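Colleague: Just to be clear, the model below is a prediction. Sequence and coordinates:
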Amino acid sequence: MNLYSRDGRREGDNGTSKTITGEALPKDSPIFSAIGAAEELLSYIGLAREYANESEHEYTDKLKRIQTIIIDISTAISRNSKVAIPPVYTK
C-alpha cells in the first residue's frame, strides 16, 4: 500500500490497521487495544525476568513460561480467533 501521493504528500491509511491474518480493522478496535496491553505486559514481565535472572531467582523459568503463554494469547487475539484457549493455559 503506497501511503504517498504523486506529489509526496502522505495520504494516510483511512484509520485502519491489519491483523496478522490481513484483515483490515479500525484502529480503535478492541483487538488492537488487547494486543497492545499484552505487549506492554510482556515488556514488564521481561524486565522482571531479567532481574530474576541476574539474581538467580527461582521464578526465572516461571516468568519465561508466562511470557510464552502471553505470546500465544496475543497471537490468538491477532488472528481474531473464535477458538478456546487450551485448558493447559488456564491453570
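Modeller: Cool, got the structure. Treat the numbers as computed from the prediction; the structure is a model and nothing was measured.
Colleague: rest of the way, CA atoms for contacts and neighbours
Modeller: Will do.
Colleague: what residues does the helix or strand in which residue 65 is found touch?
Modeller: For residue 65, the host element (DSSP states H and E) is helix 60-78. Contact with helix 60-78 is made by 19-21, 31-32, 34-35, 38-39, 42, 45-46, 48-50, 52-53, 85, 89, as judged by C-alpha atoms under 8 Å, 6 or more residues apart in numbering.
Colleague: now for the lengthiest helix in the chain, which elements pack on it?
Modeller: Taking DSSP state H as the criterion, the chain has its longest helix at helix 30-54. With contacts taken as 3 or more C-alpha pairs under 8 Å, 6 or more residues apart in numbering; DSSP states H and E, helix 30-54 sits against helix 60-78.
Colleague: quick one: the helix it packs on to helix 30-54, angle?
Modeller: Comparing the axes of helix 60-78 and helix 30-54 via axes from the mean of the first three to the mean of the last three C-alpha atoms, to 10 degrees yields an angle of 170 degrees.
Colleague: so who does the residue most central in space within the chain touch?
Modeller: Residue closest to the average C-alpha location in the chain (C-alpha atoms, centre = their mean): residue 35, at 3.9 Å. Residues near residue 35 by C-alpha under 8 Å, 6+ apart: 74, 77-78.
Colleague: what would those look like in CSV with neighbour count?
Modeller: Formatted as CSV, the contacts of residue 35 follow (neighbours: other C-alpha atoms under 10 Å):
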residue, neighbour count
74, 21
77, 20
78, 19
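Colleague: Quick check: buried residues in stretch 21-36?
Modeller: 31-32, 35 (16 or more other C-alpha atoms under 10 Å).
Colleague: That stretch: end-to-end distance?
Modeller: This stretch, stretch 21-36, spans 17 Å end to end (C-alpha to C-alpha, to the nearest Å).
Colleague: do the same with stretch 51-71
Modeller: Stretch 51-71: ends 20 Å apart by C-alpha to C-alpha.
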